[in-house]
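Chemist: Compute the structure for the input listed below.
(chains A and B)
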Protein chains: 2
Amino acid sequence: MTARKMRLGLSIRGHGYHPAAWRHPDVPADGTLHVEHYVRSAQTAERGKLDMIFFADGAGIRQGDTPRGSLARTGRDMVELEPMTLLPALAMVTSHVGLVTTASTTYNEPYNLARKFATLDLISKGRAGWNVVASWSELEAQNFGLETTLDYDTRYARSAEFVEVVKGLWDSWDDGALVFDKAGGRYFDEAKMHVLDHQGRFFKVRGPLNVAGMPQGHPVIVQAGASEQGRELGAATAEVIYAISSSLDGARAYYADVKGRMAKYGREPDDLKIMPALCPVVGRTRAEAQAKYDELQALWDPLAGLGSLYGTFGDLSGYPLDGPLPEGVLGSGEIRSLSAQLVERMRREKPTIRELYLRAGITGSARIGTSADIADTMQEWFEAAACDGFNITPATLPGGGEDFVELVVPELQRRGLFRTEYEGRTLRENLGLRAVTSRYRRERQAAD
Amino acid sequence: MTARKMRLGLSIRGHGYHPAAWRHPDVPADGTLHVEHYVRSAQTAERGKLDMIFFADGAGIRQGDTPRGSLARTGRDMVELEPMTLLPALAMVTSHVGLVTTASTTYNEPYNLARKFATLDLISKGRAGWNVVASWSELEAQNFGLETTLDYDTRYARSAEFVEVVKGLWDSWDDGALVFDKAGGRYFDEAKMHVLDHQGRFFKVRGPLNVAGMPQGHPVIVQAGASEQGRELGAATAEVIYAISSSLDGARAYYADVKGRMAKYGREPDDLKIMPALCPVVGRTRAEAQAKYDELQALWDPLAGLGSLYGTFGDLSGYPLDGPLPEGVLGSGEIRSLSAQLVERMRREKPTIRELYLRAGITGSARIGTSADIADTMQEWFEAAACDGFNITPATLPGGGEDFVELVVPELQRRGLFRTEYEGRTLRENLGLRAVTSRYRRERQAAD
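Modeler: Model (predicted):
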């Protein structure tokens, strides 16, 4: 018996999460530039009663042409619609699903983002969410007058202050501030309008915001955050964490750690939903699911594969694809994003270069099997206190999202793990998050 | 016989252009926060076959509470949906009308705006336009870490460079650059992708843009620009000028001046459409039209009126409303936005303070009368080489826009001055502007 329900999001990333997805026969290679492609996946998510759709984003192409010629063979994250501009369009053709997009605290101004998310919340009648990122890519930085990214601590500090300013602006107008008194000629009640007058390390922002009356009060705050600082910031301020966990044990430890940090910020564990990425590859049989996965893996272009390894291992184009990593690579300082555990395993297993890039795509979060297999894994994680739900990162779009909604969602519903109807009108209500109390009401309450 | 047709836009500003419009019984005072309010006016414009809808914008409330208490009695430009986020929503419920919004070159980054307008152009299938402004308000500046605005020359120089960077980013991908060759594994043709590598006085932007394939190539560039620098920049780069002209003679002189400056930039006069603002107050009889206007003028709140005069005359709250301006005001340095002519007239006519704020609203661009009267004026201006069409700035919304479309448009159509069906699919086509040639194709053509 499970009264607690999973939270589910559908991540709509270009052609899907498999790096070669654009080459799949069912995937429209030009879909990322057409609104219809995104409309279809958004409506699929809503048909499945999912909590939200989610957009990753980068302000630029974040992969270089290294090795030479690899970029032109890479279709992932190249050209696509900008999600903050896309979401209002999707708001008009959906009515319940939450609309969450990434927006950078490094390459935006808080006043602009506060207005945009407030507007999205109004247009969507309370379905907006903001995935706060501080942006890591050097190639993005070069689109904004910088040689390279801000250092890690500065980025994080700026990001934390940015979110505080945005929330302050969202609080500009108390409930009941807008009186619209036509007869008396009073548009608003001055006592309920707040000028923020923020002056901090990174920002100086007067306010008030020139948008008011957002159905959610504040759009939902989403974060990633696997690092020490990311975990702490998430515990302090996130309402959803988009987690990346490849093992059940790792996910349980992460979940306990982050939830355990919340009390000192006066927050209940349930004020934050932790949702790891999951890439389901579903078949009617296990063999069919495996065949789907194999078909995608066969679409990897070797040069695109070398491009995907470049950031971690450097240029491997001079070495045989079916040979091992060159001597020294695993011992050098170049192993950037890999855990010590993973490096140790690689030293032991000695994968070929081709094997390495084949693993680089969706493998970490993939679950390959029947809908029952995938529901089993999800149930196991959910009941083992490893998560509050999942962000589904389909291998292909629109097909991967449709498979999940048509095959796995009904199985989760049968097991009583997932809703059969939306409970609320807003994203915040559907996620089971409490209503927002503005800083001014909190102050008044504290003073009473 | 007139083969040449007028271009018409509908400016959708909050409650309408009359400062007291929010108090009118037919105007929803809370409409500026509801997407339905804007949908209704956008669909009205499309029903009338108008070229475009147009949004003014400010990144903040640009009026201070001076004199004290005046702000709470002012409904215009207080809280409203942010237009760059609103337009994609409107794109989904219209199919022909152009979608133009203001966006500031002072408080944005070129890479972000280039992405957003490119995305809007794709979502709307070629209907995006950008009204380039450099932002003049001190209160806006204070929402972005500045004490006051940049000086005039710096703002203009930055704005001109900003537009060049954005256009360069829009040219990132030549026609045919995206090959989508699934079998061969080639997503794009490297020879047709351009890294901008802009390094200028204000901006350093690498590129390429991560959006491609915009139906218009470039969204349409709109500018205002009454000053010397504004006229020159308009002649050099604008495709539409939103003009403010209160007399036929003034409009003719402006039109001849700006069009005359274009040849030295290698442009034909018809590459730029000059569209002054016109606020039609329409009645079935002249008496009915005048009554409509009088009803609106009676809704002016005196304190809001004093607020509207503050920027020009300073605080007049200590003087009788029905008395003249205090001694010295018209001689002092405080007369900011007024022409010498106007100051001279005021010295002669000695208006009361109340008369002054009553004139401060829509009076300059208002035409009050029957649909035939208004069409007469429009025809006179159009045929006297004073304009290429008009930006309709309705006194109230949605009613003022509906009156224009239902009463005046049919009259213009009967006279052969305005289209009865859209000619093209894109805003650029409907405005009769030529297709954009990217800088790289121009270079190749020049080299041939």
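Chemist: show me where chain A has strands.
Modeler: With strands called from DSSP state E, chain A shows them at A:7-11, A:52-55, A:98-104, A:128-133, A:178-181, A:186-188, A:198-199, A:204-205, A:220-223, A:240-243, A:273-282, A:366-369, A:389-392.
Chemist: Of these, which is nearest B:Glu355?
Modeler: When those are compared by Cβ to Cβ, strand A:186-188 sits nearest B:Glu355, at 23.6 Å. C-beta coordinates here come from the backbone N, C-alpha and C atoms, glycine included.
Chemist: In the stretch 301-448 of chain A, where is pLDDT below threshold?
Modeler: Applying pLDDT under 70 to the stretch 301-448 of chain A flags residues A:331-337.
Chemist: Mind doing that once more with 90?
Modeler: Low-confidence segments of the stretch 301-448 of chain A (pLDDT under 90): A:311-313, A:326-349, A:359-365, A:437-439, A:441-448.
Chemist: which residue does it bring closest to chain B?
Modeler: Across the stretch 301-448 of chain A, no residue is closer to chain B than A:Asp301, which sits at 3.9 Å (Cβ to the nearest Cβ).
Chemist: so what's that residue up against?
Modeler: The contact partners of A:Asp301, by Cβ atoms under 8 Å, 6 or more residues apart in numbering or on different chains, come to A:Ala20, A:Arg23, A:Arg73, B:Gly185.
Chemist: which ones are touching the nearest residue to A:Ala238 once chain neighbours are set aside?
Modeler: Leaving aside its chain neighbours, A:Ala238 sits nearest to A:Gln223 (4.1 Å; criterion: Cβ to Cβ, 6 or more residues apart in numbering or on different chains). Neighbour list for A:Gln223: A:Asn131, A:Val132, A:Gly230, A:Leu233, A:Gly234, A:Thr237, A:Ala238, A:Val240, A:Ile241, A:Tyr242 [criterion: Cβ under 8 Å, 6+ apart].
Chemist: Quick check, A:Ile12 in contact with A:Ala42.
Modeler: Yes: at 7.1 Å, A:Ile12 and A:Ala42 qualify as touching, with contact defined as Cβ atoms under 8 Å.
Chemist: on that earlier part again, what's the distance between the residue nearest to A:Ala238 and A:Val133?
Modeler: 8 Å (Cβ to Cβ, to the nearest Å).
Chemist: re the thing from before, just the contacts of A:Asp301 now: which is nearest A:Leu150?
Modeler: The closest of these, once distances to A:Leu150 are taken by Cβ to Cβ, is A:Arg73, at 31.3 Å.
Chemist: what sits against that closest one?
Modeler: A:Asp301, A:Leu303, A:Ala304, A:Gly307, B:Gly185, B:Arg186, B:Tyr187.
Chemist: Run a quick check on the third one versus A:Ala21, I expect a contact.
Modeler: It stands for A:Ala304. No: using Cβ under 8 Å, A:Ala304 is not in contact with A:Ala21, being 11.7 Å away.
Chemist: list residues touching both of those two?
Modeler: The contact sets of A:Ala304 and A:Ala21 do not overlap (Cβ under 8 Å, 6+ apart).
Chemist: Find residues that contact each of A:Ile12 and A:Ala42.
Modeler: Shared contacts of A:Ile12 and A:Ala42, defined by Cβ under 8 Å, 6+ apart, comprise A:Ile53.
Chemist: Just want to check the distance between the nearest residue to A:Glu147 once chain neighbours are set aside and B:Arg158.
Modeler: Counting by Cβ to Cβ, 6+ apart, A:Glu147 lies nearest to A:Ala141, which is 7.0 Å off, once chain neighbours are set aside. Distance from A:Ala141 to B:Arg158, counting by Cβ to Cβ: 20 Å.
Chemist: same check, this time on A:Tyr242
Modeler: From A:Tyr242 across to B:Arg158, the span is 37 Å (Cβ to Cβ).
Chemist: which one of those two has more residues nearby?
Modeler: Using other Cβ atoms under 10 Å in any protein chain shown as the criterion, A:Tyr242 and B:Arg158 rank with A:Tyr242 on top: 25 against 18.
Chemist: List the contacts of the more buried one.
Modeler: Here A:Tyr242 is in contact with A:Phe54, A:Asn131, A:Val222, A:Gln223, A:Ala224, A:Met275, A:Ala277, A:Asn391 (criterion: Cβ under 8 Å, 6+ apart).
Chemist: Between which two of these is the distance greatest?
Modeler: Using Cβ to Cβ, the contacts of A:Tyr242 reach their maximum pairwise distance at A:Gln223 and A:Ala277, which is 13.8 Å.
Chemist: Generate CSV for the contacts of A:Gln223, with pLDDT as supplementary columns.
Modeler: Putting the contacts of A:Gln223 into CSV (pLDDT from 0 to 100) gives the following:
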residue, pLDDT
A:Asn131, 97
A:Val132, 96
A:Gly230, 87
A:Leu233, 90
A:Gly234, 94
A:Thr237, 93
A:Ala238, 97
A:Val240, 98
A:Ile241, 97
A:Tyr242, 94
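Chemist: out of those, who's nearest B:Thr106?
Modeler: Within those, the smallest distance to B:Thr106 is 24.9 Å, found for A:Val132 (Cβ to Cβ).
Chemist: Could you count how many residues lie near that closest one?
Modeler: Every residue meeting other Cβ under 10 Å relative to A:Val132 is counted, giving 23.
Chemist: Help me confirm that it comes into contact with A:Thr106.
Modeler: No: taking Cβ under 8 Å as the definition, A:Val132 is not a contact partner of A:Thr106, at 10.7 Å.
Chemist: Identify the contacts common to the two.
Modeler: Contacts common to A:Val132 and A:Thr106, judged by Cβ under 8 Å, 6+ apart, are A:Ser159.
Chemist: Helices along the stretch 301-448 of chain A, start to end?
Modeler: Assigned by DSSP state H, counting those that start in this stretch, the stretch 301-448 of chain A shows helices spanning A:302-313, A:340-349, A:353-359, A:371-383, A:399-403, A:409-414, A:427-430, A:439-447.
Chemist: helices or strands next to the shortest one in the packing?
Modeler: It stands for helix A:427-430. strand A:98-104 (3 or more Cβ pairs under 8 Å, 6 or more residues apart in numbering or on different chains; DSSP states H and E).
Chemist: Then the longest one?
Modeler: In this structure, helix A:371-383 packs against helix A:248-260, strand A:273-282, strand A:366-369, strand A:389-392, helix A:409-414, with contacts taken as 3+ Cβ pairs under 8 Å, 6+ apart.
Chemist: How about the fifth one?
Modeler: Counting contacts by 3+ Cβ pairs under 8 Å, 6+ apart, helix A:399-403 is packed against helix A:35-47, strand A:273-282.
Chemist: Need the winner for burial among those.
Modeler: Compared across these, strand A:273-282 shows the largest average neighbour count, a mean of 24 (mean count of other Cβ atoms under 10 Å in any protein chain shown).
Chemist: tell me the domain boundaries of chain A?
Modeler: Listed by automatic domain parsing, the domain ranges of chain A are A:7-289+A:364-447, A:296-359.
Chemist: which one of those domains has the most crowded surroundings?
Modeler: domain A:7-289+A:364-447 (a mean of 20).
Chemist: gap between that domain and the chain center?
Modeler: Distance of domain A:7-289+A:364-447 from its chain centroid, counting by Cα atoms, centre = their mean, to the nearest Å, is 5 Å.
Chemist: what does stretch A:353-365 give?
Modeler: Taking Cα atoms, centre = their mean, one finds the center of stretch A:353-365 at 21 Å from the center of the full chain.
Chemist: Just the residues contacting that stretch, thanks.
Modeler: Contact with stretch A:353-365 is made by A:17-20, A:244, A:246, A:276-279, A:296-297, A:300, A:302, A:305-306, A:308-309, A:313, A:316, A:319-325, A:351, A:393, A:395, as judged by Cβ under 8 Å, 6+ apart.
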